[in-house]
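Enquirer: Predicted model and sequence follow; I will ask about them next.
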There are 4 protein chains.
Amino acid sequence: MRFRARLHVRFGDIDHAGIVYYPRFLHYFHVALEEFFGRQLGRPYHRFLDDERVGLPTVRLEIDFRSPLRFGDEIDVEVGVREVGRTSIDWIYRVFKQDGVLAAEARIVTVALDMEHFEKTPVPEWLRNALLAYRGAEGME
Amino acid sequence: MRFRARLHVRFGDIDHAGIVYYPRFLHYFHVALEEFFGRQLGRPYHRFLDDERVGLPTVRLEIDFRSPLRFGDEIDVEVGVREVGRTSIDWIYRVFKQDGVLAAEARIVTVALDMEHFEKTPVPEWLRNALLAYRGAEGME
Amino acid sequence: MRFRARLHVRFGDIDHAGIVYYPRFLHYFHVALEEFFGRQLGRPYHRFLDDERVGLPTVRLEIDFRSPLRFGDEIDVEVGVREVGRTSIDWIYRVFKQDGVLAAEARIVTVALDMEHFEKTPVPEWLRNALLAYRGAEGME
Amino acid sequence: MRFRARLHVRFGDIDHAGIVYYPRFLHYFHVALEEFFGRQLGRPYHRFLDDERVGLPTVRLEIDFRSPLRFGDEIDVEVGVREVGRTSIDWIYRVFKQDGVLAAEARIVTVALDMEHFEKTPVPEWLRNALLAYRGAEGME
């Protein structure tokens, strides 16, 4: 199972080459993650961070850019889960254009971090259980 | 007296129209302010914020955009002071291109804010005294 | 009549002071403008720009910041029209938080620009007519 | 041989967790690349793009984030070259904090793209020759 967030490429996302500035893809991934928590897991990401005092900083990412995005593109950013470790989560993201063309795919590893001490902490139980449903084998294998 | 910070228009600052995305001007102003504190006042802005627990959020701004900026432009962002009130500072910013052409000018009012309680607080005495030297009558009058 | 776009304050919109970095307000305004063209005027902004080769760069803006925004806030960005001149449009923007509190209000003047020659051009007739319905007297007066 | 660009973590680079928003690292890489072209190769990146009509979009990247960055950090962004293919360049980037701690390291593959037709094109001869001096074996191996 995968979650998809519909986003729009904005006027200001474009760079001097006329396509989406590549750091914006990472912003799209994060926005999709925020939507995933709020709309899918029923727990807005800011509440998760502020109430449980756990953060999910990225420790590793790999991205393959397949096709450029342009202003006006409507995109679907797919969020999936490869694996849930004791203190880490291994995510898969894919970006599709409105015509179904794959624009980018990424693997992102985040760790659960106790935000008081900036130290690794176990992935909260509710989150681990919720994420298992999104775990899948497709993509980037 | 005015302070000038030399900045570069970056590849990612550009929008779909091929010129600097207008919110970036405000980022340039803030970067110039950070340089002003660190290099001119001898007190890095992050130390000011974190040690004195005072912030300087913007409560009002006016900008006139005179000439577009493009990727590769070298710009001088000028920081000046119009007035220092009890709890507010009235700044002037001007952006010049390498050929001396005025690209934008702005008036920005910030208030001194106690960051614990998000309440107005007097402008710290050292800052008030330091800023008086930069007060001037030119520009946007 | 006013148009309202519902936006979300994102994790990455926040600055070191824990509130929305003030240039992001201008980005919110632009996103609302893009939504206004696409959803309200029935003419996606990228088509307007690319087909008619007319841009709407900002030549002047004034903003009053009334209340800070934080990560997780849902905001309504209201787009209104004060006046439509021969070559310029005078917009009003207001940002409301989910509890109805006014976070910011702005007046933004854009000019119609022939994107081939970067010269002023009359506001296209269809746009002028469409905008008249949104013209109103309230706000920032 | 490696090139190093000194950059500053800015007030607006910070996210809700109080550390640098991770897409900003990619922006730092790109800024370092721009500095590398202008100051090291003697050919400002905007001239390269606009005169030769060749772009260098990223097609793949891998990043390991080792240590978070905070507002006020001075960083050195190191640019190196792993390999120069016929139409691609394989770059290495490393970010060091002022105390020498490695904050991030990345491998980025760019392709040379004819910007008229958005098609792969050979890496320009002058660039290939210039880059060979920066090729090295250290890091991420």
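Expert: Here it is on my side, so go on.
Enquirer: Counting neighbours, what do you get for A:Ile89?
Expert: If you count neighbours by other C-beta atoms under 10 Å in any protein chain shown, A:Ile89 ends up with 19. Bear in mind the C-beta positions are built from the backbone N, C-alpha and C, glycine included.
Enquirer: Please name the nearest non-neighbouring residue to it.
Expert: Nearest residue to A:Ile89, sequence neighbours excluded (C-beta to C-beta, 6 or more residues apart in numbering or on different chains): A:Thr110, at 5.2 Å.
Enquirer: so who does that neighbour touch?
Expert: Neighbouring residues of A:Thr110 by C-beta atoms under 8 Å, 6 or more residues apart in numbering or on different chains: A:Leu56, A:Pro57, A:Thr58, A:Val59, A:Ser88, A:Ile89, A:Trp91.
Enquirer: Next, count neighbours for the second one.
Expert: When neighbours are defined as other C-beta under 10 Å, A:Pro57 has 16 of them.
Enquirer: Next up, the contacts around it.
Expert: A:Thr110, A:Val111, A:Leu113, D:Ala17, D:Ile19, D:Tyr22, D:Phe65, D:Pro68.
Enquirer: Just those: which are in strands?
Expert: Among these, the ones falling in strands (DSSP state E) are A:Thr110, A:Val111, A:Leu113, D:Phe65.
Enquirer: any idea which of the residues you listed is closest to chain B?
Expert: Nearest to chain B among the ones in strands among the contacts of A:Pro57, counting by C-beta to the nearest C-beta, is D:Phe65 at 19.8 Å.
Enquirer: thought the closest one was touching A:Thr58?
Expert: Yes - D:Phe65 is within contact range of A:Thr58, at 5.9 Å (criterion: C-beta atoms under 8 Å).
Enquirer: what's the overlap in contacts for those two?
Expert: If you check D:Phe65 and A:Thr58 against C-beta under 8 Å, 6+ apart, the residues they both contact are D:Tyr22.
Enquirer: if you count what's nearby, which of these two comes out ahead?
Expert: Under the criterion of other C-beta under 10 Å, the comparison of D:Phe65 against A:Thr58 puts D:Phe65 first, with 24 against 19.
Enquirer: ok, back up a step: columns pLDDT on top of the ones in strands among the contacts of A:Pro57, output as JSON lines?
Expert: As requested, those are exported to JSON lines (pLDDT from 0 to 100):
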{"residue": "A:Thr110", "pLDDT": "98"}
{"residue": "A:Val111", "pLDDT": "97"}
{"residue": "A:Leu113", "pLDDT": "95"}
{"residue": "D:Phe65", "pLDDT": "98"}
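Enquirer: Let me know how buried the nearest residue to A:Arg107 once chain neighbours are set aside is, in neighbour terms.
Expert: Nearest non-adjacent residue to A:Arg107, counting by C-beta to C-beta, 6+ apart: A:Glu62, 4.8 Å away. When neighbours are counted by other C-beta under 10 Å, A:Glu62 registers 15.
Enquirer: did I read that right, A:Glu62 in a strand?
Expert: Yes - assessed with DSSP: H, G, I helix; E, B strand; the rest coil, A:Glu62 lies in a strand.
Enquirer: and the gap between the closest residue to A:Glu116 other than its chain neighbours and A:Val79?
Expert: In space, and not counting its chain neighbours, A:Glu116 is closest to A:Arg53: 5.9 Å by C-beta to C-beta, 6+ apart. Separation of A:Arg53 from A:Val79 (C-beta to C-beta, to the nearest Å) stands at 23 Å.
Enquirer: thinking again about what came up before, surely the residue nearest to A:Glu116 touches A:His117?
Expert: No - A:Arg53 is not in contact with A:His117 according to C-beta under 8 Å; the separation is 9.7 Å.
Enquirer: So for the two, which sits in the more crowded spot?
Expert: A:Arg53 (13 against 9).
Enquirer: Give me the pLDDT for that one.
Expert: According to the prediction, A:Arg53 has pLDDT 95.
Enquirer: Kindly report the same for A:Tyr93.
Expert: So, for A:Tyr93, pLDDT stands at 98.
Enquirer: Look at it and say how many residues are nearby.
Expert: If we define neighbours as other C-beta under 10 Å, then A:Tyr93 has 25 of them.
Enquirer: and it, what helix or strand is that in?
Expert: strand A:88-97 (DSSP states H and E).
Enquirer: Let me see the residues that make contact with that strand.
Expert: A:25, A:28-29, A:32-33, A:56, A:59, A:67, A:69, A:73-84, A:102-112, A:123, A:131, A:136, A:139-140.
Enquirer: Selecting buried members of the residues you listed in PyMOL, what would you type?
Expert: A single PyMOL command selects the buried members of these (16 or more other C-beta atoms under 10 Å in any protein chain shown):
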select buried, chain A and resi 25+28+29+32+33+56+59+69+73+75+76+77+78+79+80+81+82+84+103+104+105+106+107+108+109+110+111+112+123+131+139
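Enquirer: Which of the contacts of strand A:88-97 fall within strands?
Expert: Per DSSP E, the contacts of strand A:88-97 map to strands at A:59, A:74-84, A:102-111.
Enquirer: just to revisit the earlier point, report the beta-bridge partner residues of the residue nearest to A:Ile89.
Expert: A:Thr58, A:Ile89 (DSSP bridges).
Enquirer: ok, it to A:Phe3 distance?
Expert: 16 Å.
Enquirer: same thing with A:Arg66?
Expert: 20 Å.
Enquirer: Looking at these two, which has the bigger crowd around it?
Expert: Taking neighbours as other C-beta under 10 Å, A:Arg66 and A:Phe3 compare with A:Phe3 leading, 19 against 16.
Enquirer: For that one, report the pLDDT, please.
Expert: On the pLDDT scale, A:Phe3 gets 95.
Enquirer: residue contacts, it?
Expert: A:Ala32, A:Glu35, A:Phe36, A:Arg39, A:Gln40, A:Glu78, A:Val79, A:Gly80, A:Tyr134.
Enquirer: repeat that with 10 Å
Expert: A:32-33, A:35-37, A:39-41, A:76-81, A:134 (C-beta atoms under 10 Å, 6 or more residues apart in numbering or on different chains).
Enquirer: contacts with chain C among those, please.
Expert: Among the contacts of A:Phe3, proximity to chain C is found for A:Leu33, A:Glu35 (C-beta under 10 Å from any C-beta of the partner chain).
Enquirer: A:Leu69 reaches A:Ala103, doesn't it?
Expert: Yes - contact criterion C-beta atoms under 10 Å: A:Leu69 and A:Ala103 qualify, at 5.5 Å.
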